[in-house]
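Enquirer: Pasting the sequence and the predicted model now:
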Amino acid sequence: MKNIAVIGTGYVGLVSGAGISDFGHNVVCTDIDENKIKRLQSGEIPIYEPGLQELVSRNVQASRLSFSSNVNKSIKEADVLFIAVGTPEGENGASDLSAVLEVARAIGNNLNSYKVICTKSTVPIGTGSKISDIINKSSINSIEFDYVSNPEFLREGSAVKDFLWPDRVIIGASSSRAFDIMKNVYRPLYINETPVIETTIETAELIKYASNAFLSVKISYMNEIANMCDEIGADVHVVSKAMGIDGRISPKFLHPGPGFGGSCFPKDTKALVSMAEELGTNLKVVESAIEANRLQKERMVEKLYTLLKNDVKDKTIAILGLAFKAQTDDVRESPSVNMISALKNDGAIIKAFDPAANDNMKKIFEDLDTNTSWEETVKDSDCVIIMTEWNEFRGIDLSKLKELVKDPNLLDCRNILKIDDLEKLGFNYDNVGRKKR
Ligand code: UDX
């Protein structure tokens with residue numbers, strides 16, 4: 001059993017810290033944000049993530065998990081340190097590493113015994129050696145440490161499951177001592193035969209970006225195929241189903257939609273392109289995926305305008321779904337932001353509803369009229385748009401919807417409603433690459 005400190009108690013840090021404590025280690029999650037730590041100490045979970053509350057409570061009760069705003073003390077008492085602070089988008093798409101490098105200085109200043117220092121945050125290739133340099137420079141006693149890259153692949157909405165039952169664990173290190181300690185941290189996963197890739201630090205750093213960018217490319221590709229289906233009159237769901245049966249393609253991440261968003265794909269694709277530019281290599285495929293994604297978000301707006309014959313001024317538009325995907329309250333880079341901006345600009349009256357993200361969207365659009373049920377949102381509207389694939393929207397009773405709206409116009413940006421039912425009920429509808437009226 002190890003003493004572990006997770007520095008940065010945001011999304012990645014909190015889920016990872018709670019998950020590692022569930023593996024049986026003593027974990028302290030630490031953060032300079034005293035308010036956040038106080039909330040966590042009082043049992044409040046500051047983010048929306050299914051299963052997290054239960055995971056945290058279980059491990060706090062077992063005295064394996066605690067929270068502290070004393071970062072220096074937490075560093076001193078730990079055998080293994082996880083860096084999990086944010087790496088937001090900086091200039092020209094490159095990652096802003098200031099928080100990570102600040103933590104590296106704090107680690108150097110408090111290095112009192114051999115430790116494994118492990119980065120979970122997504123950092124550009126080469127950051128590992130920068131962190132090691134800073135620790136060496138700021139450590140007075142030249143105490144030995146090992147640096148490890150251990151990227152996370154958590155998806156918002158299923159992060160707890162992804163942490164406890166990952167597809168794979170990546171450990172990038174340069175000493176057998178560090179590999180052994182990391183294997184011990186993830187011991188329960190070894191017992192479960194989770195694939196563990198042991199590699200160099202740089203390779204581990206690249207694996208994270210290469211994976212996220214690949215998935216972004218896959219989505220953008222499917223979105224562009226869906227757009228072709230629109231023009232041809234083909235059904236993209238049949239196309240993707242048939243493609244996915246081919247084991248080389250796999251059925252996952254073939255679902256077309258309004259464009260990808262969130263805290264990872266948009267940022268990581270840009271960061272990878274920026275790295276490739278610096279290295280003088282080409283990454284045209286990823287550049288195109290980024291551009292295709294921008295166009296996809298615009299295309300949803302165009303679809304709406306076409307559906308309403310460009311007459312949106314003073315029309316009441318009901319937006320169902322604000323989060324960038326279901327099971328999260330995150331609205332970062334959400335296609336709904338583009339939709340709301342365009343409609344606001346053109347004088348539409350917007351009514352919106354998201355089961356979890358109303359408050360976060362109100363931080364972007366203060367005067368947004370948010371509602372607490374789909375029924376209330378669609379009442380007397382001229383058009384309904386599905387922007388997020390929440391289950392409660394999948395189950396909408398379309399006859400009831402038709403009774404509530406003023407005009408039965410509907411844009412399904414997630415392809416979750418049954419076309420046959422929309423047809424039968426006489427909706428004027430559109431979707432992403434399926435049949436159109
Ligand atoms: C992603 C990665 O999956 C995860 O491994 C990484 O650690 C962080 O980034 P996340 O951003 O939570 O996770 O969401 P994900 O479920 O991967 O979806 C990303 C975006 O792609 C969303 O906007 C989603 O709506 C979109 N998407 C996904 C599609 O449009 N179609 C699909 O088939 C799948």
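Expert: It's in.
Enquirer: So Cys29 lies in a helix, does it not?
Expert: No - assessed with DSSP: H, G, I helix; E, B strand; the rest coil, Cys29 is strand; it does not lie in a helix.
Enquirer: Quick one: residues contacting the spatially closest residue to it that is not a sequence neighbour.
Expert: Nearest non-adjacent residue to Cys29, counting by Cβ to Cβ, 6 or more residues apart in numbering: Gly17, 4.0 Å away. Where you see a C-beta, it was placed from the backbone N, CA and C, and this is true even at glycine. Gly17 is in contact with 4, 6, 9, 27-29, 65, 82, 84, counting by Cβ atoms under 8 Å, 6 or more residues apart in numbering.
Enquirer: could you redo those residues as TSV and give each row pLDDT and distance to the ligand?
Expert: Output for these, formatted as TSV (pLDDT from 0 to 100; distance: Cβ to the nearest ligand atom, whole Å):
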residue	pLDDT	distance to the ligand
Ile4	98	20
Val6	98	16
Thr9	95	17
Val27	98	20
Val28	98	23
Cys29	98	19
Leu65	98	22
Phe82	98	15
Ala84	96	12
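Enquirer: rewinding a little: can you tell me how far the residue nearest to Cys29 is from Leu189?
Expert: For Gly17, the distance to Leu189 equals 16 Å [Cβ to Cβ, to the nearest Å].
Enquirer: got it, and Asn110?
Expert: In terms of Cβ to Cβ, Asn110 sits 29 Å off from Leu189.
Enquirer: cool, Ile125 as well?
Expert: According to Cβ to Cβ, Ile125 and Leu189 sit 25 Å apart.
Enquirer: Could I have the CA atoms of whichever strand or helix holds the residue nearest to Cys29 written out in PDB?
Expert: Assigned by DSSP states H and E, Gly17 belongs to helix 11-22. Only the C-alpha atoms of helix 11-22 are listed here, as PDB (Å, rounded to 0.1, in the frame of the first residue of the first chain):
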ATOM      1  CA  TYR A  11     -12.100  16.300 -13.100                       C
ATOM      2  CA  VAL A  12      -9.100  14.000 -13.800                       C
ATOM      3  CA  GLY A  13      -7.500  14.400 -10.300                       C
ATOM      4  CA  LEU A  14     -10.700  13.700  -8.400                       C
ATOM      5  CA  VAL A  15     -11.700  10.700 -10.400                       C
ATOM      6  CA  SER A  16      -8.200   9.300 -10.400                       C
ATOM      7  CA  GLY A  17      -7.600  10.000  -6.700                       C
ATOM      8  CA  ALA A  18     -10.900   8.300  -5.700                       C
ATOM      9  CA  GLY A  19     -10.200   5.400  -8.100                       C
ATOM     10  CA  ILE A  20      -6.600   4.800  -6.800                       C
ATOM     11  CA  SER A  21      -7.900   4.900  -3.200                       C
ATOM     12  CA  ASP A  22     -10.400   2.200  -4.300                       C
END
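Enquirer: What average pLDDT does that helix get?
Expert: The pLDDT scores in helix 11-22 average 96.
Enquirer: in that helix, what counts as buried?
Expert: Neighbour-count burial for helix 11-22, counted by 16 or more other Cβ atoms under 10 Å, picks out 11-22.
Enquirer: Ok, stretch 416-428 next?
Expert: Neighbour-count burial for stretch 416-428, counted by 16+ other Cβ under 10 Å, picks out 416-417, 419, 422, 427-428.
Enquirer: what residues does that stretch touch?
Expert: So stretch 416-428 is in contact with 307, 386, 389, 393-394, 396, 398-399, 402, 407-410, 429, 431, 434-435, 437, going by Cβ under 8 Å, 6+ apart.
Enquirer: I'd say Ala342 and Met300 touch.
Expert: No - if you go by Cβ atoms under 8 Å, Ala342 and Met300 don't touch, sitting 9.2 Å apart.
Enquirer: Which one's more surrounded, these two?
Expert: Neighbour count, other Cβ atoms under 10 Å: between Ala342 and Met300, Met300 has more, with 23 against 18.
Enquirer: right, and the more buried one touches Asp230 too?
Expert: No - using Cβ under 8 Å, Met300 is not in contact with Asp230; the gap is 11.8 Å.
Enquirer: Common neighbours of those two, please.
Expert: In terms of Cβ under 8 Å, 6+ apart, Met300 and Asp230 are both contacted by the residues Val432.
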